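A.B. asks: here's a sequence, model it:
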Amino acid sequence: MRIAIAGCGQLARMLALAGWEMGHHFSFIADLGEGTDCVAGLGEVVVWDEEIPFAMLFEALGSPDVVTVEKEHVNVNLIEGLAEYCRVAPSPGAIRVCQHRGREKTLLQSLGIDTAPFQVVEDAPSLIAAVESVGYPAFVKSCELGYDGQNQWLLRDTAALDALADQMDALPPLVVEGAVHFDRELSLIAARSLSGEIALYPLAENRHREGILLTSEVPADNVQAATISQATEIAHTLLEHWSYVGVLSIEMFDEGGKLRVNELAPRVHNSGHWSQNAGVTSQFTNHIRAITDTRPGATAPGQFAGMVNLLGRAPADELLEAADVSLHWYNKSIRSRRKVGHLNIQSADRQQLQKRLVELESALYPDGEPL
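C.D. replies: Residues are numbered from 1 along each chain as shown. Model (predicted):
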């Protein structure tokens with residue numbers, strides 16, 4: 001099949017590399033000014049702006065059988081237009097919801113899925129009222145384009161609130177969230193095929209630094225059966241609500257076994273990168289399988305698995321010489337805080353895996369230096 005991917009970043013790269021092994025062919029849709037180094041040599045890149053008719057774009061992409069996305073922040077008009085010519089998966093409706101925190105959290109609550117208490121605000125008075133309602137500390141995030149710690153604010157007192165309120169005329173709509181006193185952050189990677197077959201990966205435990213994912217450990221340690229059941233129910237509820245096709249990523253707070261959903265991503269996700277070297281069908285392969293209506297592959301690793309992000313740095317050669325380390329490089333130039341690659345490791349022993357994650361983190365980010 002020919003598959004077109006909206007976006008040209010590292011996730012598009014890894015999707016195409018996985019799909020090549022299955023005999024598929026790829027093309028990519030780039031926004032004006034978007035870098036394309038990650039997908040260089042993997043297929044035709046077509047730069048799109050709103051002046052290009054969808055029929056012409058579809059033909060330039062090689063008349064794909066299906067269009068998918070590597071990011072939720074795509075122009076929904078683009079994928080709706082292409083849906084007139086071929087299948088789009090995930091659906092434009094799911095993407096539209098997931099690219100806006102307010103719409104996303106409203107949907108979650110309507111489906112009976114717990115979130116942090118929240119309010120959507122668009123001006124200074126509504127911001128002040130929302131923070132007074134949820135109390136301090138309050139977390140404020142842009143409804144759109146806020147990720148990896150960007151366009152987010154932690155308000156601990158009225159001085160911080162007043163400073164942000166003074167900026168509201170220049171800011172987009174925001175979500176104000178009340179504090180959730182969670183024990184850890186978990187994520188679930190779920191896949192659903194066009195025929196409705198569902199596969200779930202084990203829960204991952206994720207650690208962040210400066211708002212960016214740093215490490216993942218799979219399966220998450222000390223997870224109660226009731227918590228796994230709750231996560232499974234959340235995934236099935238969302239997948240069936242949308243008749244979803246592809247990989248859906250669900251980030252959650254764990255409060256003593258009770259889960260609150262923090263964010264959704266209608267795509268493959270950083271916290272699922274461990275699956276590339278864990279002896280299972282990777283999240284990238286399962287996304288391709290799902291959108292081409294192929295039964296999902298195995299998702300339960302035989303060993304413990306972990307991932308360490310490379311944020312604004314390349315690993316030293318001696319790290320890569322270790323027998324348990326696999327490097328995935330994105331062909332990106334290095335700059336501060338930028339995801340330029342990741343390392344995957346596996347072990348038959350959980351404590352050994354945890355020890356290696358600490359060792360790799362310490363080697364890459366000595367003394368907790370800033371990203």
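
A.B. asks: report all helices and strands that whatever helix or strand residue 67 lives in contacts.
C.D. replies: Secondary structure assignment for residue 67, by DSSP states H and E: strand 66-69. Counting contacts by 3 or more CB pairs under 8 Å, 6 or more residues apart in numbering; DSSP states H and E, strand 66-69 packs against strand 2-6, helix 76-82, strand 87-88, helix 283-291. The way it works is simple: take the backbone N, C-alpha and C, and place the C-beta from them, glycine included.

A.B. asks: please identify the buried residues of the helix or strand just after the third one?
C.D. replies: The reference is to strand 87-88. As assigned by DSSP H and E, the chain's next helix or strand after strand 87-88 is helix 92-98. Residues of helix 92-98 classed as buried: 92, 94, 95, 96, 97, 98 (neighbour count, 16 or more other CB atoms under 10 Å).

A.B. asks: now, which of the residues you listed sits nearest residue 241?
C.D. replies: residue 94 (8.8 Å; CB to CB).

A.B. asks: and the gap between the closest one and residue 206?
C.D. replies: 23 Å (CB to CB, to the nearest Å).

A.B. asks: hmm, residue 188 is touching residue 230, no?
C.D. replies: No. Using CB atoms under 8 Å, residue 188 is not in contact with residue 230, being 10.3 Å away.

A.B. asks: what residues are up against residue 231?
C.D. replies: Shown in contact with residue 231 (CB atoms under 8 Å, 6 or more residues apart in numbering): 186, 188, 200, 203, 250, 252, 259.

A.B. asks: the residues you listed into JSON lines, with extra columns for secondary structure and neighbour count?
C.D. replies: Formatted as JSON lines, the contacts of residue 231 follow (DSSP: H, G, I helix; E, B strand; the rest coil; neighbours: other CB atoms under 10 Å):
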{"residue": "186", "secondary structure": "strand", "neighbour count": "23"}
{"residue": "188", "secondary structure": "strand", "neighbour count": "25"}
{"residue": "200", "secondary structure": "strand", "neighbour count": "20"}
{"residue": "203", "secondary structure": "coil", "neighbour count": "25"}
{"residue": "250", "secondary structure": "strand", "neighbour count": "26"}
{"residue": "252", "secondary structure": "strand", "neighbour count": "26"}
{"residue": "259", "secondary structure": "strand", "neighbour count": "23"}
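
A.B. asks: run through the stretch 251-371 of the chain and note the low-pLDDT ranges.
C.D. replies: The stretch 251-371 of the chain contains residues with pLDDT under 70 at 368-371.

A.B. asks: any chance you could map the helices in it?
C.D. replies: Ranges of helices in the stretch 251-371 of the chain, per DSSP state H, counting those that start in this stretch, are 283-291, 317-320, 350-364.

A.B. asks: dump the C-alpha coordinates for the first one into CSV.
C.D. replies: What follows is helix 283-291, C-alpha atoms only, in CSV (Å, rounded to 0.1, in the frame of the first residue of the first chain):
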residue,chain,number,x,y,z
GLN,A,283,4.0,0.6,18.3
PHE,A,284,5.1,1.8,14.9
THR,A,285,4.5,-1.5,13.2
ASN,A,286,1.1,-1.9,15.0
HIS,A,287,0.0,1.5,13.9
ILE,A,288,0.8,0.6,10.3
ARG,A,289,-0.9,-2.8,10.7
ALA,A,290,-4.0,-1.1,12.2
ILE,A,291,-4.4,1.5,9.4
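
A.B. asks: what's it packed up against?
C.D. replies: helix 10-20, strand 66-69, strand 184-192, strand 246-255.

A.B. asks: count of residues packed around the residue nearest to residue 253 when sequence neighbours are not counted?
C.D. replies: Leaving aside its chain neighbours, residue 253 sits nearest to residue 182 (3.7 Å; criterion: CB to CB, 6 or more residues apart in numbering). Residue 182 has 17 neighbours, counted by other CB atoms under 10 Å.

A.B. asks: now do the contacts for residue 182.
C.D. replies: 253, 254, 255, 260.

A.B. asks: possible to save these as TSV with distance to residue 124 and neighbour count?
C.D. replies: Formatted as TSV, these follow (distance: CB to CB, whole Å; neighbours: other CB atoms under 10 Å):
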residue	distance to residue 124	neighbour count
253	29	19
254	34	23
255	32	14
260	28	17
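
A.B. asks: what's the most distant pair in these?
C.D. replies: 254 and 260 (8.5 Å).

A.B. asks: would you turn the helices and strands packed on helix 283-291 into CSV with distance to residue 339?
C.D. replies: As requested, those are exported to CSV (distance: least, CB to CB, whole Å):
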stretch, distance to residue 339
helix 10-20, 7
strand 66-69, 18
strand 184-192, 16
strand 246-255, 15
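
A.B. asks: so for stretch 49-69, mean pLDDT?
C.D. replies: The average of the pLDDT scores along stretch 49-69 is 96.

A.B. asks: and for that stretch, what's in contact with it?
C.D. replies: With CB under 8 Å, 6+ apart as the test, stretch 49-69 has contacts from 1-7, 15, 25, 27, 29, 32, 44, 46, 48, 75, 77, 79, 81-90, 95, 246, 266-267, 287, 291-292.
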